[in-house]
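Undergrad: Quick one, what's the 3D model for this:
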Amino acid sequence: MHILITGAAGMIGRKITEQLLRQPRIGHSSVTKLTLHDVVAPRAEPTDVTSILPITGDISDRMVIDRLVAEKPDIIMHLGTAEFAQNMMEPIEERWPAGVRKPWYLMPEGSRVNEVRDLAAKHPEWKLHERVVGTAPGGRNDSLWAEFESSFRSFATASRGLTNQQPLNLAEYAYDAVYLVAYAIGRSRQAAPTGTDLMLGMRQMSCKRGAQALLASASGTNYSTSYAAAATPGSCVDYKGPSGELDFNPDSGEAASDYSVWCLRRTPRGYGFEPALSSFSSSLGRLPADGLDFTKPDWCPAAPL
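TA: Predicted structure coming up:
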């Protein structure tokens, strides 16, 4: 299997490259080649199993796109944002050699944008809905998410006159961030907390000391109670919000988190991304037991009416 990684010189690109070199396998297939693309030269050493081809250049340069297409990767793993859909995806599809199986696209949250939906609708003959799959932070599948989604829709209707408006990309993370800062202020017990006070307070927002932990979920219905609990000396706060559990390791700076899997679902008006196809549980360390079978022709079913 041959994988093209765009944005390969960035932090996430480097980590994914390292992981694929350590464990060069996708399903039942060995990863025999990595093409690494970025505006600066990605650095990685080949192994006995996997060869490395670095390609440097701007994604808006058609000569660069021609070089990438000429390599005919099986999977294109894009690690940037909307510019991939705006500048790269359509020319790749247009330039793809006739008679050669087209690639799958693996995308992050930043590519879950209107341009991808519009491209699928503009060129139904490409059948992008059969080859596009992405991930997004957060499971969007529990009661706190449902409460946040309902509040978001009500606010959008009341303030903007928008009906049935879905929360935008990463909206729940922004929401949780505000609550986390508020709880950190409570932990500081200072009228005018300093940056250091907030830092120390944030380090205590992911406690796992069993019965001593206080669940401080981001919910308007219990905010006062949770804030008072967070400010209690000696208390231990285990934060959970609509974006999921905050299992943050203050020593390593890493945070295991849930994520959802999305695809281009067909709808009566074109294509959409909701609802999520599946979700990964950080506490279980896996997708649901039934998994996802991408060999099935209907692996990405139409959105429910």
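Undergrad: Could you tell me how many residues sit around Ala74?
TA: No, residue 74 isn't Ala; it's Asp. Close neighbours of Asp74, defined as other Cβ atoms under 10 Å, add up to 17. The way it works is simple: take the backbone N, C-alpha and C, and place the C-beta from them, glycine included.
Undergrad: For stretch 272-284, which outside residues touch it?
TA: Contacts to stretch 272-284, defined as Cβ atoms under 8 Å, 6 or more residues apart in numbering, come from residues 112, 117, 133-136, 139-141, 166, 244-245, 247, 256-265, 286-288, 291-292, 300, 303-304.
Undergrad: Can you tell me which of these end up in helices?
TA: Cross-referencing the contacts of stretch 272-284 against helices under DSSP state H gives Arg117.
Undergrad: can you pull the pLDDT of the one residue sitting closest to the centre of the chain?
TA: The centroid of the chain falls nearest to Ala136 when counting by Cα atoms, centre = their mean (2.7 Å). Looking at Ala136, its pLDDT reads 80.
Undergrad: cool, and Glu254?
TA: Glu254 is given a pLDDT of 69.
Undergrad: Same question for Ser51.
TA: pLDDT recorded at Ser51 is 96.
Undergrad: Near it, how many other residues are there?
TA: Other residues within reach of Ser51, judged by other Cβ under 10 Å, total 13.
Undergrad: got the CA positions of stretch 140-160 in PDB?
TA: In PDB, the C-alpha atoms belonging to stretch 140-160 read as follows (Å, rounded to 0.1, in the frame of the first residue of the first chain):
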ATOM      1  CA  ARG A 140     -20.900  13.900  19.800                       C
ATOM      2  CA  ASN A 141     -22.800  11.000  21.100                       C
ATOM      3  CA  ASP A 142     -23.700  11.500  24.800                       C
ATOM      4  CA  SER A 143     -26.200  13.500  26.800                       C
ATOM      5  CA  LEU A 144     -23.900  16.500  27.300                       C
ATOM      6  CA  TRP A 145     -23.400  16.800  23.600                       C
ATOM      7  CA  ALA A 146     -27.200  16.500  23.000                       C
ATOM      8  CA  GLU A 147     -27.800  19.300  25.600                       C
ATOM      9  CA  PHE A 148     -25.100  21.500  24.000                       C
ATOM     10  CA  GLU A 149     -26.500  20.900  20.500                       C
ATOM     11  CA  SER A 150     -30.100  21.800  21.600                       C
ATOM     12  CA  SER A 151     -28.900  25.000  23.300                       C
ATOM     13  CA  PHE A 152     -26.800  25.900  20.200                       C
ATOM     14  CA  ARG A 153     -29.800  25.400  17.900                       C
ATOM     15  CA  SER A 154     -32.000  27.500  20.200                       C
ATOM     16  CA  PHE A 155     -29.500  30.300  20.400                       C
ATOM     17  CA  ALA A 156     -28.900  30.300  16.600                       C
ATOM     18  CA  THR A 157     -32.700  30.600  16.000                       C
ATOM     19  CA  ALA A 158     -33.200  33.300  18.600                       C
ATOM     20  CA  SER A 159     -30.200  35.500  17.800                       C
ATOM     21  CA  ARG A 160     -29.700  34.900  14.000                       C
END
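Undergrad: on that earlier part again, in contact with the residue nearest to the centre of the chain, which residues?
TA: The contact partners of Ala136, taken as Cβ under 8 Å, 6+ apart, are Pro108, Glu109, Arg112, Asn169, Tyr259, Ser260, Val261, Trp262, Ala276.
Undergrad: Report the separation between it and Ala276.
TA: Taking Cβ to Cβ, to the nearest Å as the measure, Ala136 falls 7 Å from Ala276.
Undergrad: next one: Asp66
TA: 35 Å.
Undergrad: So for those two, which sits in the more crowded spot?
TA: Neighbour totals were compared for Asp66 and Ala276, and Ala276 leads with 18 against 12 (other Cβ under 10 Å).
Undergrad: Spatially nearest residue to that one, not counting backbone neighbours?
TA: With Cβ to Cβ, 6 or more residues apart in numbering as the criterion, Ala276 has its nearest non-adjacent residue at 3.8 Å, and that residue is Ser260.
Undergrad: that older thread, now, the most widely separated pair of the contacts of Ala136?
TA: Comparing every pair within those by Cβ to Cβ identifies Asn169 and Val261 as the most remote, at 15.1 Å.
Undergrad: tell me the phi and psi of Phe152?
TA: Per-residue torsions, Phe152: phi -60, psi -50 (degrees, to the nearest 10).
Undergrad: residues contacting it?
TA: Contact analysis of Phe152 by Cβ under 8 Å, 6+ apart lists Gln165, Gln166, Pro167, Ala171.
Undergrad: and what of Arg112?
TA: Contact analysis of Arg112 by Cβ under 8 Å, 6+ apart lists Gly134, Ala136, Asn169, Trp262, Phe273.
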